[in-house]
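J.: Okay, here's the prediction I keep looking at, along with the sequence it came from:
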Amino acid sequence: MHNKLQWSIIDRYRTKSDAEGHLNWWRHHVPDAKFEVIWDLPNPKDK
């Protein structure tokens with residue numbers, strides 16, 4: 001079976017509200033596609 005799942009990073013955002021706003025835009029303009037917001041976990045070494 002061919003796996004059609006493919007990850008694509010569209011952009012990175014500093015705030016949750018920015019990410020959700022762009023997610024809503026993409027869902028409105030490309031309704032047949034699936035979009036998700038994923039988060040980078042903080043790196044403890046960067047503190």
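T.: Yep, it's here. Residues are numbered from 1 along each chain as shown.

J.: Please count neighbours and contacts with C-alpha atoms only from this point.
T.: Fine.

J.: contacting residues around the spatially most central residue of the chain?
T.: Compute the mean C-alpha point of the chain, and by Cα atoms, centre = their mean the closest residue is V37, 3.4 Å away. The contact partners of V37, by Cα atoms under 8 Å, 6 or more residues apart in numbering, come to 19-20, 23.

J.: just for the chain, where's the confidence low?
T.: Within the chain, the stretches with pLDDT under 70 are 1-5, 47.

J.: now with 90?
T.: 1-16, 32-47 (pLDDT under 90).

J.: Would you list the phi and psi of H28?
T.: phi -70, psi -40 (degrees, to the nearest 10).

J.: no no, K45
T.: The phi/psi pair for K45 (degrees, to the nearest 10) is phi -70, psi -20.

J.: Look up how far W25 lies from W39.
T.: 19 Å (Cα to Cα, to the nearest Å).

J.: let me fix that: D40
T.: 21 Å.

J.: do A19 as well
T.: Using Cα to Cα, A19 is found at 10 Å from W25.

J.: who has more neighbours, these two?
T.: A19 (18 against 12; other Cα atoms under 10 Å).

J.: For L23, see how far away P31 is.
T.: 11 Å.

J.: quick one: which of these two has more around it?
T.: When neighbours are counted by other Cα under 10 Å, L23 comes out ahead of the other of P31 and L23, with 15 against 11.
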